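> Quick one, what's the 3D model for this:
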Amino acid sequence: MSSHGPILPGEPDEPAAPIGPAADGPGTPALVDWTVDLGSHEMLRRTHVLAALGSDWDPIAALRGEEEASELLYSGLNGEQQRLYDELVSAGVLPRRGGGHAAA
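Prediction:
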């Protein structure tokens, strides 16, 4: 293992080797390689998000509501708006309506 890389699971614990220039004088610490694992923080963040949503949150109903809002947004277009919408769908910028999504 490189002395400048992170310690991976299963490798013996090794102190991180100083990197960069040597310390300027006595009592001045040298730079060290510092790695932060954000995996546990991400799990905590997800826990807080789900707690904020509450136990009665229904993801399927939320997706259906988004689909209904999208249908309403793109309904009643005039000719020029419809042409532009069709161009954006053909270019892959917007998804085609009623494309068999889970919420449909």
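> quick one: Pro95 and Tyr74 touch, right?
No. With contact defined as CB atoms under 8 Å, Pro95 does not count as touching Tyr74 (10.5 Å). Every C-beta, even on glycine, is put in place using the N, C-alpha and C of the backbone.
> The two - which one has more neighbours?
Neighbours per residue, other CB atoms under 10 Å: of Pro95 and Tyr74, the larger number sits with Tyr74, 14 against 11.
> the helices in this structure, which residues?
Counting by DSSP state H, residue ranges of the helices within the chain are 39-53, 59-73, 79-90.
> what would those look like in JSON lines with mean pLDDT?
Formatted as JSON lines, these follow (pLDDT from 0 to 100):
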{"stretch": "helix 39-53", "mean pLDDT": "92"}
{"stretch": "helix 59-73", "mean pLDDT": "91"}
{"stretch": "helix 79-90", "mean pLDDT": "93"}
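> Reformat those as CSV; add distance to Thr28 and mean neighbour count.
Output for those, formatted as CSV (distance: least, CB to CB, whole Å; neighbours: other CB atoms under 10 Å):
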stretch, distance to Thr28, mean neighbour count
helix 39-53, 31, 10
helix 59-73, 54, 12
helix 79-90, 59, 11
